[in-house]
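> model the structure of this input:
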Amino acid sequence: MKNHLKAMATCVLVSAMATAHAQTTTASGSATGKTTHRTAKKATTPKRPSVETQIQQLRDDMETQINQLKQQLNDSNAQLQAAQQQAAAANAAAAQAQQQAQQQQQQTADNASAVSNLQGAVSDLKTNSTSLASSIQETQTNIEKKVDHPDSIHYKGITISPAGSFIEAATVYRSAAIGGDINTQFNGIPLENSNAAQLSEFQGTGRQSRLALKATGKLPNMDLTGYYEMDWLGTGITSNNNQSNSYVLRQRQLWAQVAMNSGWKITGGQMWSLATETTKGLDNGTEILPSVIDPQYVAGFVWTRQYGFRVTKDFGHKFWIGASAENAETLNPAGSSLPTNLLIGSDGNGGGLYNVTANYSFNLAPDMIAKIAFEPGFGHYEVFGIARFFRDRIYPNSTTTTTTVNGVTTTTTVPNSIGAYNDNTLGGGLGASGRATMFNKKLTLGLKGLWGDGTGRYGSSTIADITLRPNAQIAPLHNFDALATIEANPTARLNLYANYGGDYIGRRYFGKVGYGSPLTNMSGCNTEPGPSTPANPGFGGGTGFTPSTPANCGNQTKDVQEFAAGYWYNFYNGPMGRLRQGIQYSYFQRNIWSGAGGTTNPGGGALGTDNIFETSLRYYLPQ
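From the prediction side, this is the model:
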């Protein structure tokens, strides 16, 4: 603005100077060239101010104008400064307002975010509160459940569970008496014309009631398990049914196990034999037992419960291998006209804590069992092998002594130790089993069997392992055990089952010596004998007599076959345990090898049959 005013003042000054110069030039020309006219004009024109006066006046006017312009310029500068100050103040105010607006906007955004976060926190708090309340309620419920209904007992880092324990009230009725409790001696089914077969028997018992304890401890790389299972099917010297039953506890199972995370398991103690079928791999505690009441199970079922040391390996929960060394026991040599010049075992040694009324074999080595199991996705299947080692000591020479008393001469032949030697014989067999479920596990089909020589003790009938040659050497008997099973579960409460199985022992004889010889006299199988007593064999009466088999009917068992069917019904199965009831019917047929003389069996040998009805009411402790 100031520069603009200066330019205007300069223009005015230049214009004024140009006008003055022009007037001066005109005046000078008139004086030199046109005097007359000038003189005449002077007479009529008033006198003008001088140039200096005009210039001075012009200067004064210009100075006045310049001063005015300066004043205006100063006023404009003042206004400009005021405007600039106002503009600066306005800009500052605008900037401050913008800053405040931005701050307000940020604060609003922060408030909105805070409100959103607060709402989220409140929502999360509500959710967490609900979840926490539910968790607290669930924890409280679990605590109350564990206090009021504990699944297990915790003791110094381990859990102890009584699962598997039950109390049973059972009855058994047999159309042919065997003189037994709920446990049936399959090979003791009386022959048709024996005196025991003419009588039935009924027994009520609680002896199969079971007590089980399982202790488990978990480590980072392994699980430790101990298991103890017992019942009252043991018999002491004073045990009887006269007034107050006095049967003793029996050790069923007692084993310890280490299960490594790598799939290896090592188990030792008394347990089900590795030959017994399982439902899951080769795991202890998953044995597949027939769903029957009889604790001897079913003819054809392959099993023992005995000491064992077992090692197994799991390969991806699909394939398992295992091996075990198990306690051996040789059933007494069976057959007709067997030699006696041998030693294979003895009665139990009371000082060695064996039963003095039972026989024990002098075992050369444990039974060795190897097994594989696989679960391809449509069932459980197993293949196994058993190796058995038999031994006796033979005395081939004898001493004959002749004595005469009151004119009666008696000749006695007694074996002596000259030339005595040990006879070792190998036995064993192969077995397999398979079990498949269908119709959403409502139907189960199973088949198992064992074929071999000297494996009779692994069959449920425990018929025989070996016979003897005429020179007292051991001859293992050919055995075959098989069992077919069908089970149905039409409802969650009801289980139906049917089993058909048998244990077979083949002939092995050397003339009249051996097992199942066709030369054995069987002419008396149709005649019922009289009772006998230990004090007066062959004649009975009064009390304490013992049933006997027909005379001249002494051949050995060919096979025992059984058909068993029944049901189990759960009246209750829940947190308080399980209450179930069952009824079972079994039909037994025991066939004897044929021999010399007449028999009643169209197959050529004597037989025995039995119809057995069993009932059970069980209360199981909670699982």
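> list the buried ones in the host helix or strand of residue 480?
Assigned by DSSP states H and E, residue 480 falls within strand 478-488. Within strand 478-488, the residues that count as buried by 16 or more other C-beta atoms under 10 Å are 478, 479, 480, 481, 482, 483, 485, 487. Placement of C-beta: from N, CA and C, glycine included.
> that strand pairs with which strands, and in what direction?
strand 443-453 (antiparallel), strand 494-505 (antiparallel) (DSSP bridges).
> select the longest helix from the protein.
Using DSSP state H, we find that the single longest helix of the chain is helix 51-148.
> show me what that helix is packed up against.
Using 3 or more C-beta pairs under 8 Å, 6 or more residues apart in numbering; DSSP states H and E, the elements in contact with helix 51-148 are helix 2-33.
> still on that earlier bit, so which of the strands paired with strand 478-488 comes closest to residue 248?
Set against residue 248 and scored by C-beta to C-beta, the strands paired with strand 478-488 come closest in strand 494-505, at 28.5 Å.
> what packs against the very next helix or strand once past that closest one?
The helix or strand immediately downstream of strand 494-505 is strand 508-510, counting by DSSP H and E. Where contact means 3+ C-beta pairs under 8 Å, 6+ apart, strand 508-510 is packed against strand 513-515.
> could I get the average pLDDT for the strand it packs on?
Mean pLDDT, computed over strand 513-515, is 97.
> residue 259 and residue 584: what is the separation?
Distance, residue 259 to residue 584, by C-beta to C-beta, to the nearest Å: 35 Å.
> residue 496 is in contact with residue 582, isn't it?
No: Residue 496 is beyond contact range of residue 582, at 10.5 Å (criterion: C-beta atoms under 8 Å).
> now the strands for the stretch 151-300 of the chain?
Assigned by DSSP state E, counting those that start in this stretch, the strands in the stretch 151-300 of the chain fall at 153-155, 158-161, 166-174, 201-205, 210-219, 222-234, 248-260, 264-272.
> avg pLDDT for the shortest one?
Yep, that's strand 153-155 we're talking about. So the average pLDDT for strand 153-155 ends up being 83.
> check contacts around the nearest residue to residue 271 once chain neighbours are set aside.
Nearest residue to residue 271 in three dimensions, chain neighbours excluded: residue 255, at 4.5 Å (C-beta to C-beta, 6 or more residues apart in numbering). Residue 255 makes contacts with 226, 227, 267, 268, 269, 270, 271, 284, 308, as judged by C-beta atoms under 8 Å, 6 or more residues apart in numbering.
> and residue 549, by the same measure?
Applying C-beta under 8 Å, 6+ apart, we find residue 549 in contact with 190, 191, 194, 529.
> from residue 395, how far off is residue 416?
According to C-beta to C-beta, residue 416 and residue 395 sit 7 Å apart.
> ok, residue 118 next?
For residue 118, the distance to residue 395 - C-beta to C-beta - is 102 Å.
> which one of those two has more residues nearby?
When residue 118 and residue 395 are compared for neighbours, residue 395 comes out ahead with 19 against 12, by other C-beta atoms under 10 Å.
> wait, the more buried one sits on residue 420?
Yes: counting by C-beta under 8 Å, residue 395 sits close enough to residue 420 to count as a contact (4.9 Å).
> which residues does the closest residue to residue 294 other than its chain neighbours contact?
By the measure of C-beta to C-beta, 6+ apart, the closest residue to residue 294 outside its immediate chain neighbours is residue 184, 5.4 Å from it. Residue 184 makes contacts with 172, 174, 178, 294, 296, 586, 588, 612, as judged by C-beta under 8 Å, 6+ apart.
> just residue 585 next, same as before
Residues touching residue 585, when contacts are defined by C-beta under 8 Å, 6+ apart, comprise 564, 565, 566, 611, 612, 613.
> pLDDT and distance to residue 409 added to the contacts of residue 184, as a markdown table?
Formatted as a markdown table, the contacts of residue 184 follow (pLDDT from 0 to 100; distance: C-beta to C-beta, whole Å):
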| residue | pLDDT | distance to residue 409 |
| --- | --- | --- |
| 172 | 98 | 54 |
| 174 | 98 | 50 |
| 178 | 94 | 44 |
| 294 | 97 | 54 |
| 296 | 96 | 50 |
| 586 | 98 | 55 |
| 588 | 98 | 50 |
| 612 | 98 | 53 |
